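[1] Model the structure of this input:
(one chain, ligands or ions: 1)
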Amino acid sequence: MRRKLVAGNWKMNGSLAENEALLAGLQAGLGDVKADVAVCVPFPYLAQVQARLAGSAIAWGAQNLSPHARGAYTGEVSASMLRDFACTYVIVGHSERRALYAESDAVVAEKFAAAQDAGLTPILCVGETLEEREGGVTERVVGRQLDAVIARSGVEALAKAVVAYEPVWAIGTGKTATPGQAQAVHAFIRARVRSLDADVAAKLVIQYGGSMKPGNAAELLGQPDIDGGLIGGASLDAGEFLAICRAG
Ligand code: PGA
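    Residues are numbered from 1 along each chain as shown. Prediction:
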């Protein structure tokens, strides 16, 4: 049985003071949560979350990394730097990175490999735009995004990774995929992995992300191939985030 993983993606939000309150709220309310829980925070706050969460049941990570190990890449952050702050996870290929920072499938695949080489667990985001969904090419897009990583790192690499299906049209919009729509894409992802390695497919944690809230989390997380959530907006509120975690 796969354990559920609920991860917060704080995006570019927070301050030292705001984070203190949020982290304290999360720790205070974690008692009855059965799912695995993580928060992916902006780089400058990794030291803070490490100090606050070390020894707790909440894991932490970053939202991006460089594909390069070190060198003349001004402004970038390497996988080993994330390891210095004891990160477990790093998000790669979030749709905002793909759209706003022109990250191609090939770049995302390099980042995924760099994360794993350093012992981090990548959370690989895949998902289609509204135009692509309406054009009937959702599976083609998601399949292509997945295949780029498999081509670079091999299907076995997914044994130490998480996939997050995040339909772009549902992110931060308040429009959630219906449980049926989400389940269909999750099943597609698992079947594609299964065609290469049944064992990896059976164990692969596939999160849903895109306007997941306390009100829709239980139904989404109740789908057979939805193994958790990647939570943006609702992860900035301890009560909402914990309610989603409890639904898992
Ligand atoms: P949202 O974001 O929950 O605010 O829609 C999800 C994400 O982008 O990871």
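
[2] For the closest residue to the ligand within the chain, list the residues it contacts.
    Among the residues of the chain, residue 232 lies nearest to the ligand; the distance is 2.2 Å by Cβ to the nearest ligand atom. The way it works is simple: take the backbone N, C-alpha and C, and place the C-beta from them, glycine included. Neighbouring residues of residue 232 by Cβ atoms under 8 Å, 6 or more residues apart in numbering: 8-9, 11, 171-172, 209.

[3] how about a cut-off of 6 Å?
    When contacts are counted by Cβ atoms under 6 Å, 6 or more residues apart in numbering, residue 232 touches 9, 11, 172.

[4] Now narrow those residues to whatever sits close to the ligand.
    Near the ligand, judged by Cβ under 6 Å from any ligand atom, the entries from the contacts of residue 232 are 9, 172.

[5] Can I get the contacts of residue 232 in CSV including pLDDT and neighbour count?
    Formatted as CSV, the contacts of residue 232 follow (pLDDT from 0 to 100; neighbours: other Cβ atoms under 10 Å):
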residue, pLDDT, neighbour count
9, 98, 27
11, 98, 19
172, 89, 12
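
[6] now, which of the contacts of residue 232 lie within strands?
    When these are checked against strands (DSSP state E), the matches are residue 9.

[7] Could you point out which of the contacts of residue 232 is nearest to residue 121?
    residue 9 (14.6 Å; Cβ to Cβ).

[8] beta partners of the closest one?
    According to DSSP bridges, residue 40 are recorded as the beta-bridge partners of residue 9.

[9] what's the helix or strand for the closest residue to residue 176 other than its chain neighbours?
    What sits nearest to residue 176 in space, not counting adjacent residues and going by Cβ to Cβ, 6 or more residues apart in numbering, is residue 211, at 4.5 Å. With secondary structure defined by DSSP states H and E, residue 211 is part of neither a helix nor a strand.
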